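In: With the sequence up front, the predicted model follows.
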Amino acid sequence: MTDQMSVVEIAVRAKIAAAQRKLEQRRRARAELAEARAHGLRARMAVKIARWNTNGDDAA
């Protein structure tokens, strides 16, 4: 039995591989969301700065 994997070993390895794939998918999704959020926050701040600059020009 040392040269061949048992059915249980094969099943366990398959479950471990599936869990690793699922974990990697979650990591990628979190990274994509974090990047999108960062872009959104930068865009929002750019709009605020533009508004501040516009308001500052009116007061001068």
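Out: Good, I have the coordinates. This is a predicted model, so every value here is computed, not measured.

In: I'd like the average pLDDT over stretch 32-47.
Out: For stretch 32-47, mean pLDDT rounds to 93.

In: Centre of the chain to that stretch, how far?
Out: Distance, stretch centre to chain centre, for stretch 32-47: 13 Å (Cα atoms, centre = their mean, to the nearest Å).

In: can you check stretch 30-37 too?
Out: Worked out by Cα atoms, centre = their mean, stretch 30-37 lies 4 Å from the chain centre.

In: any chance you could map the strands in the protein?
Out: For the chain, strands defined by DSSP state E do not occur.

In: quick one: the helices in it?
Out: Applying DSSP state H to the chain gives helices spanning 7-59.

In: Report how many residues lie close to residue 45.
Out: As a burial measure, residue 45 scores 10 neighbours (other Cβ atoms under 10 Å). C-beta coordinates here come from the backbone N, C-alpha and C atoms, glycine included.

In: can you tell me how far it sits from residue 6?
Out: To residue 6, residue 45 is 58 Å away according to Cβ to Cβ, to the nearest Å.

In: swap in residue 49?
Out: 64 Å.

In: cool, residue 22 as well?
Out: 24 Å.

In: Check residue 16 too.
Out: 15 Å.

In: quick one: stretch 4-17 to chain centroid distance?
Out: So, by Cα atoms, centre = their mean, the centroid of stretch 4-17 is 30 Å from its chain's centroid.

In: ditto for stretch 9-19
Out: Counting by Cα atoms, centre = their mean, stretch 9-19 comes out at 25 Å from the chain centroid.

In: Okay then, goodbye and thanks.
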